[in-house]
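# fold the following, please.
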Amino acid sequence: MPTLTIDGQEIEVEANTTVLQAAEELGIQIPRFCYHDRLSIAGNCRMCLVEMEGPPKPIASCAMPVGEGMVIHTNSEVAIKARKGAMEFLLINHPLDCPICDQGGECDLQDQAVAFGRGDSRYSEHKRAVKDKYLGPLIATSMTRCITCTRCIRFATEIAGVEELGATFRGEETEIGTYVEEALTSELSGNLVDVCPVGALTNQAYAFNARPWELRKTESIDVHDAVGCNIRIDCRGNEVLRVLPRLHEDVNEEWLGDRSRYAVDGLGLQRLDRPYVRVDGKLKPASWDAAFAAIKARMDGADGGRMAAIAGDMADVEAMLALKEMFTALGSPNLDCRQDGAKIGGKHRGGYIFNSSIAGIEDADAILLVGTNPRWEATLVNARIRKRWLRGGLAVGVIGGVMGSNDDLTYKYDYLGAGPATLTEIADGSHAFAKVLADAERPMIILGSGAVARDDGAAVLDLARRVAEQNGMISGDWNGFNILHRAASRVGGLDLGFLPGDDGRDVAGIVAGAGKGEIDLVWLLGADEIDMQALGQAFVVYQGHHGDAGAHRADVILPGAAYTEKDATWVNTEGRVQLGRRAAYPPGEAREDWSILRAFSAVLDQPLPYDSLAQLRQHMVEAVPSLGEVDEVGPGEMGAMGVAGDVSAAPFESPVADYYLANAICRASAVMADSSRLYLNGEEATGTDG
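A predicted model of the protein is given here:
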């Protein structure tokens, strides 16, 4: 390990560490534009120049590996003069757009020009102008501001895995673009706005809406998928204006999927802001008392076995616990949180979580994907697989879920087959990929809902367990058996046991029973992804935040709070308990879901045993101790899972038909609708975004 001296401080660092990284370990700030911790080194902005004793010229600290005995000066006269010169060159063609630029107040160029640049400019010639490029409906471009740091190119190529951005021409004429005027085809494209250090790439949906100092910033959790990305919600007043990623190395690093970032306009559209009761076939506004009375009238004297509750994909743990306890008190065993119909039980936690953890993907050397398209179902999990694949030495096999092209998942893989027959061959060792798994030190299987959310899902789960056990995926220090969920509520619901009780019905049974007249009342907690027409004449209570499919079918609507409007708990696919925080208040008369259920339980004369969120959480942790272990991932208990039996020959199919319209919030979003039309139907013509 080499030892060097930086500004009089001696430090010993790992070999191949750069001078810039070594300085950071000492808390010494060196300015940079092109350097980014998670991207390859470009060394082209020259803002990180420092003086090294020996060489006659300053060195680029981001690209210079440390050496034994180096003596570095980061604040010498030579270094200061070099930085001022680099900044002056960067500003030669940069327009004076700060008053109208969306990056204003958050701009690296502004900050570093003040801290490290000259106070004036000696350049009096005309500035160059560059035509804006079209990158799709999500990113606004102002390419005259571009300083050619190439961060966007490296992100698109290395992290997103879409080699669609590049540089054309040379020298002062260099331009960044997509070569052809087409939108970027990545679900991570919004991160280009974050990595751009100037205002060349900005959030098109947020453009000209607010300045950063006007916004109230709240740290929370994303619920558009089961990854549980850490986010920051920015509000002005009671309006959510944007969502940004928050650093969490073990979950989403510092990235965020486009759906999570850009669907925020849907939070203000098609909202349920007051109770409704269906009268003479039409939904009419009502008071809370009237809505509760209408539900109570249907429940009075009813058999608990003829009532059912289904939790939707965005339901929080507190609301599911309150709903479960209310229906249990009513004598109903018909509960289910598996809206997609997944044949996964809740007995052994290791049988329904991502056991190796998302960060553990980086330790795997063989991965078998079964019935999943992680690029659409869990974008940041897919990015983590690509990150591991780029290091080399990773074999990826795919069974079903994708089309079989090596371009589909942003990394190369072997398409092994379409359905359970291939999984059976791997389980009995007759398939060539079985040897790949057996020879791997840390093999992993990732089972998606496309495999388990089907009639033979339990048998498929049993097959996957056999593959894991026979190929060394489960050992003392490694558990490579992983379930990849799509719903933010799924693991929390399974932890709570929000599942059919003795002789209870699952989602399919509830829907079928309602259609046959065997279920009289169905309570939907934000559940919009079931066949509403199949519910027959059942009395439907919809508790949620958007006027989506469930609200259109409902007989009574109880307006709830969206994920940005409540303090709530969610558990991600790896079993990590995370706390979301309220950034805004629910609109109109809408209330937090658990409080609605607590109030209605009092109307039934069976009040739930908590009057505050703190009391509810204490009760929740007493019922399920693991829900009190916030931001921790522990080993899941393994046990019997699935049921041995015959499997269908039908291929595994990804259940996500449209990444951009996957839930009620997205379906209310105009930005997501535009993206869906463009990327799935190709309806939007290319051109500049003005």
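
# for Ala432, grab the count of nearby residues.
11 (other C-beta atoms under 10 Å). To be clear about C-beta, it is placed using only N, CA and C from the backbone, and glycine gets the same treatment.

# ok, it to Val522 distance?
48 Å (C-beta to C-beta, to the nearest Å).

# kindly report the same for Cys34.
Distance, Cys34 to Val522, using C-beta to C-beta: 57 Å.

# what's the answer for Arg145, then?
Per C-beta to C-beta, Arg145 is found 54 Å from Val522.

# comparing those two, which residue is more hemmed in?
Val522 (28 against 23).

# other residues contacting the helix or strand containing the more buried one?
Using DSSP states H and E, the element containing Val522 is strand 521-525. Residues external to strand 521-525 that are found in contact with it (C-beta atoms under 8 Å, 6 or more residues apart in numbering): 298-299, 302, 306-312, 315, 319-320, 323, 327, 510, 514, 530, 535, 538-544, 550, 554, 593.

# between the two ends of stretch 604-611, how far is it?
Stretch 604-611 has an end-to-end distance of 16 Å (criterion: C-alpha to C-alpha, to the nearest Å).

# ok, Gln339 - contacts?
Counting by C-beta under 8 Å, 6+ apart, Gln339 has contacts 310-313, 487, 507, 527, 529-530.

# confirm it sits in a helix?
No: judged by DSSP: H, G, I helix; E, B strand; the rest coil, Gln339 forms no part of a helix; its state is coil.

# could I get the contacts of Gln339 as JSON lines with pLDDT?
Converted to JSON lines, the contacts of Gln339 look like this (pLDDT from 0 to 100):
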{"residue": "Ile310", "pLDDT": "98"}
{"residue": "Ala311", "pLDDT": "97"}
{"residue": "Gly312", "pLDDT": "96"}
{"residue": "Asp313", "pLDDT": "96"}
{"residue": "Ala487", "pLDDT": "96"}
{"residue": "Val507", "pLDDT": "96"}
{"residue": "Ala527", "pLDDT": "96"}
{"residue": "Glu529", "pLDDT": "94"}
{"residue": "Ile530", "pLDDT": "95"}
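
# let me know the closest of those residues to Gly636.
Ala487 (17.9 Å; C-beta to C-beta).

# can you pull the contacts of the closest one?
Residues in contact with Ala487, defined by C-beta under 8 Å, 6+ apart, are 225-226, 312-314, 339-340.

# now with 7 Å?
By C-beta atoms under 7 Å, 6 or more residues apart in numbering, the contact list for Ala487 reads 226, 313, 339.

# same deal with Arg576?
Counted by C-beta under 7 Å, 6+ apart, Arg576 has contacts 228, 251, 631-633.

# just the buried residues of those.
For those, a neighbour count by 16 or more other C-beta atoms under 10 Å gives the buried set as 228, 251, 633.

# can you tell me the helix or strand for Ala22?
helix 19-25.

# now distance to Arg271 too, for the contacts of Ala487, in TSV please.
Compiled in TSV, these are given as follows (distance: C-beta to C-beta, whole Å):
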residue	distance to Arg271
Ala226	24
Asp313	18
Gln339	21
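
# quick check: Ala549 vs Gly642, distance?
On the measure of C-beta to C-beta, Ala549 and Gly642 end up 31 Å apart.

# just give me the neighbour total for Glu106.
The burial count for Glu106: 16, using other C-beta under 10 Å.

# whoops, Ala554 was the one
Using other C-beta under 10 Å, the number of residues around Ala554 comes to 25.

# wait, it sits on Gln543?
No: between Ala554 and Gln543 no contact is recorded; they are 9.0 Å apart, counting by C-beta atoms under 7 Å.

# the helices in the stretch 401-550 of the chain, which residues?
420-427, 432-439, 449-452, 457-470, 490-496, 507-516, 549-553 (DSSP state H, counting those that start in this stretch).

# Thr150 is nearest to which of those?
helix 432-439 (36.3 Å).

# next, the buried residues of that closest one.
433-434, 436-437.

# and it, C-alpha only, in PDB?
The C-alpha coordinates for helix 432-439 follow below in PDB (Å, rounded to 0.1, in the frame of the first residue of the first chain):
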ATOM      1  CA  ALA A 432     -26.100 -27.800 -19.400                       C
ATOM      2  CA  PHE A 433     -26.800 -24.800 -17.200                       C
ATOM      3  CA  ALA A 434     -27.100 -27.100 -14.200                       C
ATOM      4  CA  LYS A 435     -23.400 -27.700 -14.300                       C
ATOM      5  CA  VAL A 436     -22.800 -23.900 -14.500                       C
ATOM      6  CA  LEU A 437     -24.700 -23.500 -11.300                       C
ATOM      7  CA  ALA A 438     -23.100 -26.400  -9.600                       C
ATOM      8  CA  ASP A 439     -19.600 -25.200 -10.400                       C
END
